[in-house]
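Engineer: Below is the structure, and that's it, no one-letter string:
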């Protein structure tokens, strides 16, 4: 077994590729945002090393691509500013060539044989299930795990000898801390023994799209073997496969496709003599108001529509703050609005706008006060805040490294709340020009600068807005300067503030249909009293 570890600075992050036959869903966006934030963090932490992030769409076959075109569907990655290094489409020539080479490698390794196969097949899940994995449903047999309908199929397929890799896969999982969070490891281990052979082709008459088996056009390559190869395609397989091009350092997946990535994928790689991924980062699903999303119920959240209310940056922030990788997360519109208003609008954006206002800072210059020369009356409340500022970077580094974004956000927002309290207590709008005002503004500016620097992987546009207003150039938007004073290389004396572009975003109002009845009645009474 080959498990290669890059030097820690380099990174290669992937997300699954998604079908392009309908509007993207919340889970799709969440996966993409996790990957994007992890990629942005790697670049912020070590800008000199190579960092690669890939995602894409599964457009097999022409029917899916046609549907996407007819519906005018656009890439959610483009809409939400997901910063990819490569965007793969399975209809591309390079991908077809990659899959064909991979098939031939598996064949040459004597891991493929043709034989009769039978089992319970789910068209929805695109896989076979064993007898013990299905049960009776209202309209026939269904998968116990996904609840999708299954039908009995008997046909001649090409089979992959999965069992000869069971022990190597088990060792890879258990000895290398691959599955994160570890909560998902028991499930991954159970999947290993579930199948000894894997059908990796389908009868071409039943599967009209996809890539034909090399040398046998009567069979089409199994969709998951095809799709998983996208991770190789983006790195130029079979060429350019040496580190740091390969293997992936982190592959981000939803818990519903754990089996394919934790068992099938490493087995294919082992058979082809390729290094295995270093980490599979698994996340749960999203519920809506405590219930599973369902078209029949009518509670499916479409990200683009929801972003019209919450803003794209707001929706991104809420998903990363509220998303719990080890469990399913809950989406509630009112809660999302309250979180975005409290954290982004009030604690961050509005504080920068207020603190940089001309009425408070007439010269529109970033004040500089030596830490040893802070005004005596301000020191009592400034020193604890400065200590928190200086500790913040070291707190969030391991959290970002482990993709625990919700915990990193908690740490950053705690400092943001302290900064708002400091600003409010000292009320600089009541002060005259002088050392005392300069001290309050300098401490406030430094706190918001550090907060904005460390929020760049989470809210890149808001961070850019705040840092630009503070007059921080791109040269100083790095981890090295994320301490009080910015370090010796950061020249702050007399630096002008940036252009005042007004508020970054307005407070979001709760839609009328989401207002609780009691609250709505109170509002009516207030209006009635005013009229009287």
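Structural biologist: Here it is on my side, so go on. Worth saying up front: this structure is predicted, and the values here are computed from it rather than measured. Numbers count the residues shown, from 1 in each chain.

Engineer: CA atoms for contacts and neighbours, from now on please.
Structural biologist: Fine.

Engineer: Poorly predicted segments of the stretch 401-532 of the chain, please.
Structural biologist: 492-493, 514-532 (pLDDT under 70).

Engineer: any chance you could map the helices in it?
Structural biologist: Under the criterion DSSP state H, counting those that start in this stretch, the stretch 401-532 of the chain contains helices at 405-426, 435-454, 460-469, 517-531.

Engineer: most tightly surrounded among the ones you listed?
Structural biologist: helix 435-454 (a mean of 24; mean count of other CA atoms under 10 Å).

Engineer: sorry, back to before: looking at the helices of the stretch 401-532 of the chain, which is nearest to residue 347?
Structural biologist: The closest of the helices of the stretch 401-532 of the chain to residue 347 is helix 405-426. By CA to CA, the value is 6.0 Å.

Engineer: start to end distance for stretch 315-328?
Structural biologist: Stretch 315-328 has its terminal residues 17 Å apart, counting by CA to CA, to the nearest Å.

Engineer: so what's residue 119 bridging to?
Structural biologist: Going by DSSP bridges, residue 119 is paired in beta bridges with residue 153.

Engineer: I'd like to check which residues are in contact with it.
Structural biologist: 128-131, 152-154 (CA atoms under 8 Å, 6 or more residues apart in numbering).

Engineer: coming back round to it: can I get the helices of the stretch 401-532 of the chain in CSV including distance to residue 215?
Structural biologist: As requested, these are exported to CSV (distance: least, CA to CA, whole Å):
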stretch, distance to residue 215
helix 405-426, 47
helix 435-454, 53
helix 460-469, 49
helix 517-531, 67
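
Engineer: Please identify which of the ones you listed is closest to residue 59.
Structural biologist: Closest approach to residue 59 among the helices of the stretch 401-532 of the chain (CA to CA): helix 460-469, 29.7 Å.

Engineer: What remains of the contacts of residue 119 if I keep only buried residues?
Structural biologist: Among the contacts of residue 119, those classed as buried by 16 or more other CA atoms under 10 Å are 128-129.

Engineer: which of the contacts of residue 119 lies closest to residue 327?
Structural biologist: residue 129 (24.9 Å).

Engineer: Next, find the distance separating the closest one from residue 50.
Structural biologist: Counting by CA to CA - residue 129 and residue 50 are separated by 41 Å.

Engineer: burial of residue 92, as a residue count?
Structural biologist: For residue 92, the number of neighbouring residues by other CA atoms under 10 Å comes to 11.

Engineer: need the contact list for residue 377.
Structural biologist: Counting by CA under 8 Å, 6+ apart, residue 377 makes contact with residue 436.

Engineer: so where does it fall, helix or strand?
Structural biologist: Using DSSP states H and E, the element containing residue 377 is helix 376-401.

Engineer: Now that helix: buried residues?
Structural biologist: Counting neighbours by 16+ other CA under 10 Å, one finds that the buried residues in helix 376-401 are 378-379, 382, 385-386, 388-390, 392-393, 396-397, 399-400.

Engineer: If we only consider those, which is nearest to residue 319?
Structural biologist: residue 400 (15.4 Å).

Engineer: ok, now which ones touch the closest one?
Structural biologist: Taking CA under 8 Å, 6+ apart, we find residue 400 in contact with 38, 41, 408.

Engineer: measure it to residue 465 for me?
Structural biologist: For residue 400, the distance to residue 465 (CA to CA) stands at 22 Å.

Engineer: the strands in the stretch 51-200 of the chain, which residues?
Structural biologist: Under the criterion DSSP state E, counting those that start in this stretch, the stretch 51-200 of the chain contains strands at 51-58, 86-89, 112-122, 127-129, 134-137, 140-143, 151-161, 179-180, 197-199.

Engineer: thinking again about what came up before, got TSV for the contacts of residue 119, with pLDDT and distance to residue 172 too?
Structural biologist: Listed next are those as TSV, based on pLDDT from 0 to 100; distance: CA to CA, whole Å:
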residue	pLDDT	distance to residue 172
128	74	25
129	78	25
130	76	25
131	78	28
152	86	34
153	77	33
154	78	33
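
Engineer: in the protein, which ranges drop under the pLDDT threshold?
Structural biologist: Applying pLDDT under 70 to the chain flags the ranges 1-9, 20-23, 60-75, 126, 242-243, 371-373, 375, 492-493, 514-532.

Engineer: before we move on, the earlier item: residue 236 is nearest to which of the strands of the stretch 51-200 of the chain?
Structural biologist: Of all those, strand 86-89 sits nearest to residue 236, with 11.1 Å by CA to CA.

Engineer: Residue 30 versus residue 179, what's the distance?
Structural biologist: 19 Å.

Engineer: typo on my end, residue 55
Structural biologist: 13 Å.

Engineer: neighbour-wise, which of those two wins?
Structural biologist: Under the criterion of other CA under 10 Å, the comparison of residue 55 against residue 30 puts residue 55 first, with 26 against 21.

Engineer: wait, the more buried one sits on residue 90?
Structural biologist: No: contact criterion CA atoms under 8 Å: residue 55 and residue 90 do not qualify, at 11.1 Å.

Engineer: helices or strands next to the helix or strand harbouring residue 259 in the packing?
Structural biologist: Element membership for residue 259, per DSSP H and E: helix 258-259. The contact analysis (3 or more CA pairs under 8 Å, 6 or more residues apart in numbering; DSSP states H and E) places helix 258-259 against helix 185-192.

Engineer: for the helix it packs on, which positions count as buried?
Structural biologist: Neighbour-count burial for helix 185-192 flags 185, 188-189, 191-192 (criterion: 16+ other CA under 10 Å).

Engineer: And stretch 116-128, by the same measure?
Structural biologist: Buried residues in stretch 116-128, defined by neighbour count with 16+ other CA under 10 Å: 117, 119-122, 125, 127-128.

Engineer: in the sheet, who's paired with residue 251?
Structural biologist: In this entry, residue 251 is beta-bridged to residue 14, residue 280, by DSSP bridges.

Engineer: Might one say that it is in contact with residue 283?
Structural biologist: No: contact criterion CA under 8 Å: residue 251 and residue 283 do not qualify, at 11.1 Å.

Engineer: if you count what's nearby, which of these two comes out ahead?
Structural biologist: Between residue 251 and residue 283, counted using other CA under 10 Å, the more crowded position is residue 283 (26 against 22).

Engineer: residues in contact with the more buried one?
Structural biologist: Contact analysis of residue 283 by CA under 8 Å, 6+ apart lists 252-255, 324-328.

Engineer: Could you rerun that using 10 Å?
Structural biologist: Counting by CA atoms under 10 Å, 6 or more residues apart in numbering, residue 283 makes contact with 27, 30-31, 34, 180-181, 184, 252-256, 258, 323-329.

Engineer: Of the residues you listed, just the buried ones, PyMOL syntax please.
Structural biologist: Filtering the contacts of residue 283 down to the buried ones (16+ other CA under 10 Å) takes a single PyMOL command:
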select buried, resi 27+30+31+34+180+181+184+252+253+254+255+258+323+324+325+326+327+329
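
Engineer: how about the helices in the stretch 151-300 of the chain?
Structural biologist: Assignment of helices within the stretch 151-300 of the chain using DSSP H, counting those that start in this stretch yields the ranges 166-175, 185-192, 223-228, 230-233, 258-259, 265-271.

Engineer: deepest of the ones you listed, which one?
Structural biologist: Among the helices of the stretch 151-300 of the chain, helix 230-233 has the highest mean neighbour count (mean count of other CA under 10 Å), at a mean of 24.

Engineer: got a list of contacts for it?
Structural biologist: Contacts of helix 230-233 (CA under 10 Å, 6+ apart): 12-17, 54-58, 86-90, 92, 94-99, 102, 236-239, 241, 245-248, 251, 269.

Engineer: just the buried members of those residues?
Structural biologist: Buried, going by 16+ other CA under 10 Å: 12-17, 54-58, 87-90, 94-96, 98-99, 102, 236-237, 245-248, 251, 269, out of those.

Engineer: Make a markdown table from the contacts of residue 119 and add distance to residue 461 to it.
Structural biologist: Shown next, in a markdown table, are the contacts of residue 119 (distance: CA to CA, whole Å):
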| residue | distance to residue 461 |
| --- | --- |
| 128 | 44 |
| 129 | 45 |
| 130 | 48 |
| 131 | 51 |
| 152 | 51 |
| 153 | 51 |
| 154 | 54 |
